[in-house]
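**Q** Sequence plus predicted model, see below.
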Amino acid sequence: MENEEIYERLNNVFRDVFDDESIVVKPETTSKDIEDWDSLEHINLVVAVEQEFGIKFNMNEVTTMKNVGEMVDIIKSRI
Amino acid sequence: MNLTSLVFLIFCIMALGIYFIVPKKFQWFILLISSVIFLFWNNLSVSTVIQALLVLLASYIFGILIDKYHDNTIKSKIFLIIGISIILGQLICLKYTNLFSVTINHILKLLHIDFQLGLSYFNSLVGISYYSLIMISYLVDIYRGACKSQKNILKCALFMSYFPILTSGPFIRYNDIEKDLYGKHKFNYDSMCRGLVRTIWGVFKVLVISQRLGMFVDTVYGDLATYTGFYTIVAALFFPLQLYTNFSGSIDIIMGISEIIGIHLPENFTAPFFSKTLTEFWRNWHITLGAWLRDYIFYPLLKSNAMQNLTKKTKKIFGKKASKKISLYLSMLIMWTIIGAWHGGAYTFIIGSGLLQFLIMVLEDTLEPLSNKINNKLGIKKEVFSYKLYQIIRTYLLFAFTMIFFRASSVGNAVEIIKNMFVWNPWVLLDNTSIYTAGLDIHDFRVLIISLTTLFAVDKLSRTGSVREKLFKQNIIFRWGMLYILIFAIVILGCYGVGYDPAAFIYRQF
Amino acid sequence: MKNFIKSIVFIIIFLIIFCCVFKVLWLGKTYVSFLIYDEPKNSSDIVYIGSSAVYTYFNPVLAYDLYGFTTCFCATGSQPFNAIKYLLKETQKYQNPELYIIDLATSIEDWDFFDEGAIRRTTDSMKFSKNRIDAINEILKYKGIDKKDYINYYFSFLRYHDIWRDITKENFTKNEYSYKGFILSPESSKNIYIDEFNWKDDIMEISAEKKQILMELIEYIKVNNLNVLFTIPIRDTNKADNAQLNYVTKILRENGFNVINFNTLEDFSVNYATDFYNTSHVNIYGATKYTLYLSKYLNDHYDLPNHNGDEAYNSWENEYVRFKQDFKALTKKDFNKILTKYSN
């Protein structure tokens, strides 16, 4: 799958989880950049991404991923 | 060993001295010996040795097994479960049997059954609450592939018993500390200076502030008949500060010593009392405990199939937003009950540092949209100093309230204390005499005002960068001057040794 | 290398500040007349050790004026009797007197008499040394203090650092002794009615513990070949105490020591109505009589030098002058006239 498509689908997930239609994610995007992205929402986000792409993150990845770029790397390796 | 005792000072000097003298490849071994001495200090017995060996062997053996069968999910999972069960089992047996007995006794009483279970007190090792959870995280991390198992059992023992951590933490992760812990460290003068400064600051917080506050709190809470109303209120307001200076002071001592050795530990406190909500507070207070629970309980719970199914079911009934909240709150409830129980095997801890925290944070979360609406309607601005001040004070008061339960000897005792607060006696604060009769005299209050102001200033400053670094940038006269003031504040004003009581020196006949 | 020097300098400055701080945070010199360190080394002809009976009874500057010998006090209020052995040892490091005088007032007291103040007045006055630690160990052992509290005595600052709450001007003004440690009490307690002393011959054995302390002291004196005189102060007391003191006297005399019991002397007397400050201490008038008697006795029976006129001993003459001035200021009387009256 192309990067563009991944980021397009990821945008939808983010907008849905955080209820904010204006979100556009980039590789450098971190939890600091999105207001409601705290440790509580993190799981919801992860689960939503899992469901969107039909993949599973393992716990290690969930707790250590630092930005959207890393998330995308994992997605790409799983598809 | 008490962190501010002479014994500990001598112990550290010897341990660190030997550490930097031996050939570097033996340094970790010296740390191990020091840690074992510390662990079993004044507590060496067959039962304590068995306790320690049980956790060590469970961690070591199952760590290797999980690692070996990494590719076989079922086998590694079974080994993980067994390993965790052993460690958790010993922790529960040693720490919580009385809680179960007390609970059962209450139930028996309610059912009018004339039988009571006896309470037994187990002698557990210092640090059991820390190293048990740390070793569980070790096993889970191996399972998750975050780190490899330690094949040398002695090195594994060092990770489990690294002495600075045994009294007050912080929770360490194997991955983060492996390199430093077993590595070679050359003596570094700058590290020693920085480490010492931090340690001295910690001692200041404990001996000058915490012990002093404790004298007032102990007096007032120890005599509920005499001290009521504003005495109780002041004590309740003092206690969080007492707890903070004691805990964070101990952490400072620990971090300072570890820094001298060259092993970097994660921070546990980042000026928590400047938090605007209780939720934010817990991101700045006992950070490593929160992180442990988040990574090993909260996330797995939220992500678990059970929780996800629940979310799906409640989504159908209550809608998306509400279903997310339900799963969230349920997970939080479980997590906070565990946090409460971790603090101690008594209901006061479960309620005070667990359920009440949960309750307040849920209220903060659910009331947020409403409060925003009200603020908008009334034209109240949230970004101004006055509003932030209000939030900080509100958070402190909420925390202080929960700590009444934490400090009380029983739930009934906590309720009594709260009732005590409703006695109307404001003159106690205003008559310039009464407040000085509850364990602290006027001199002590003056010391408290100055030292708490200093603490406040340092903590506020720390939010814009390390205060130590700022200090070390200054010239030597200022640096040394500040240090001498700090040290002599401890020597003269510290609550240690035997207090001076003029009555003991009254000259009798001869 | 530079770092090592920096550390040493830091520590040295710390120690200097520490000593300065604890010169201020100190118990002070109340009920303490401990001059063996203050007097120039080896300048004392006599060292007088004991309880408050020493510095309220014997006037060393008067004695100096009369006969020219110097008496150095090593006395504290309610001095524990088993400290004396260590004080002798301590004195020998700094002074080498012809004669030691030991006051027996506390030799018969029980351990609950010696409270923390009594113990600390002695142990805290001693300079930090192994001797001081030994003294603390023995005194606290007899007192039955918990071993983990010993450290508060070894390192007095653990106790005194708390004095910061009660600092007064006195903590800062250098504590110098007046009249070489003698206490001038001009008041007389007119309400004292002291029974006639009539227990001259009663004897009561002292406890095994006290006896052991006494015997150890005797042994120390003999082994070190010290010249010692013992005194018992005149005061209002009771049959039991005196009987025990008689017993102590008997033991000492059996061991070849000279003991002067001022209660039983035929040629010494005081006026109970005017010469006492309280039931256990004489005032300046009683002290003058005591000093006249004792200093003459010392001069007659011991080979003591006469430093009168020697410039090195100027301080003694100056202190005597000051004493007379202060006496006049307090009582409006001329001390010389008192002397003349008592000398007859």
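**A** The structure has been received and is ready for your questions.
**Q** Please name the nearest non-neighbouring residue to the residue of the stretch 201-344 of chain C found nearest chain A.
**A** At 70.3 Å from chain A, residue C:209 is the closest residue in the stretch 201-344 of chain C, using C-beta to the nearest C-beta. The way it works is simple: take the backbone N, C-alpha and C, and place the C-beta from them, glycine included. Counting by C-beta to C-beta, 6 or more residues apart in numbering or on different chains, residue C:209 lies nearest to residue C:142, which is 7.1 Å off, once chain neighbours are set aside.
**Q** now what about the least confident helix or strand in chain C by mean pLDDT, what contacts it?
**A** Scoring the helices and strands of chain C by mean pLDDT, DSSP states H and E places helix C:169-172 at the bottom, with a mean of 75. Residues outside helix C:169-172 that contact it (C-beta atoms under 8 Å, 6 or more residues apart in numbering or on different chains) are C:24-26, C:28, C:163.
**Q** go with 6 Å
**A** Helix C:169-172 has contacts (C-beta atoms under 6 Å, 6 or more residues apart in numbering or on different chains) with residue C:24.
**Q** got the buried residues for the following helix or strand past that helix?
**A** Next helix or strand after helix C:169-172 toward the C-terminus (DSSP states H and E): helix C:208-223. For helix C:208-223, burial by neighbour count (16 or more other C-beta atoms under 10 Å in any protein chain shown) applies to C:210, C:213-214, C:217-218, C:221.
**Q** What helices and strands are in contact with helix C:208-223?
**A** In terms of contacts (3 or more C-beta pairs under 6 Å, 6 or more residues apart in numbering or on different chains; DSSP states H and E), helix C:208-223 is packed against helix C:84-94.
**Q** which element follows the helix it packs on toward the C-terminus?
**A** Going down the chain from helix C:84-94, the next helix or strand is strand C:99-103, by DSSP H and E.
**Q** Can you give the contact residues for that following strand?
**A** In contact with strand C:99-103 (C-beta under 6 Å, 6+ apart) are residues C:46-51, C:53-54, C:226-231, C:302.
**Q** redo that, cut-off 7 Å
**A** C:46-51, C:53-54, C:84, C:88, C:226-231, C:233, C:302 (C-beta atoms under 7 Å, 6 or more residues apart in numbering or on different chains).
**Q** And that strand, how far out from the chain middle?
**A** 10 Å (C-alpha atoms, centre = their mean, to the nearest Å).
**Q** what lines up beside it in the sheet?
**A** strand C:46-50 (parallel), strand C:228-232 (parallel) (DSSP bridges).
**Q** All the helices of the stretch 1-150 of chain C, in order from the start?
**A** All helices of the stretch 1-150 of chain C, identified by DSSP state H, counting those that start in this stretch, fall at C:2-24, C:52-55, C:60-67, C:84-94, C:116-123, C:130-143, C:150-154.
**Q** So the residue nearest to residue C:209 sits against residue C:111, correct?
**A** Yes - judged on C-beta atoms under 7 Å, residue C:142 makes contact with residue C:111 at a distance of 6.0 Å.
**Q** who's more crowded, those two?
**A** residue C:142 (17 against 14; other C-beta atoms under 10 Å in any protein chain shown).
**Q** Per-residue pLDDT of the more buried one, please?
**A** Note for residue C:142: predicted pLDDT of 89.
**Q** Same check on the one 5 residues further on?
**A** Predicted confidence (pLDDT) at residue C:147: the value is 86.
**Q** Quick check: residue B:154 vs chain C, distance?
**A** Counting by C-beta to the nearest C-beta, to the nearest Å, the gap from residue B:154 to chain C is 33 Å.
**Q** On the pLDDT front, check the nearest residue to residue C:42 once chain neighbours are set aside for me.
**A** Leaving out its chain neighbours, the residue that sits closest to residue C:42 by C-beta to C-beta, 6+ apart is residue C:96, at 5.2 Å. In the prediction, the pLDDT value recorded for residue C:96 is 91.
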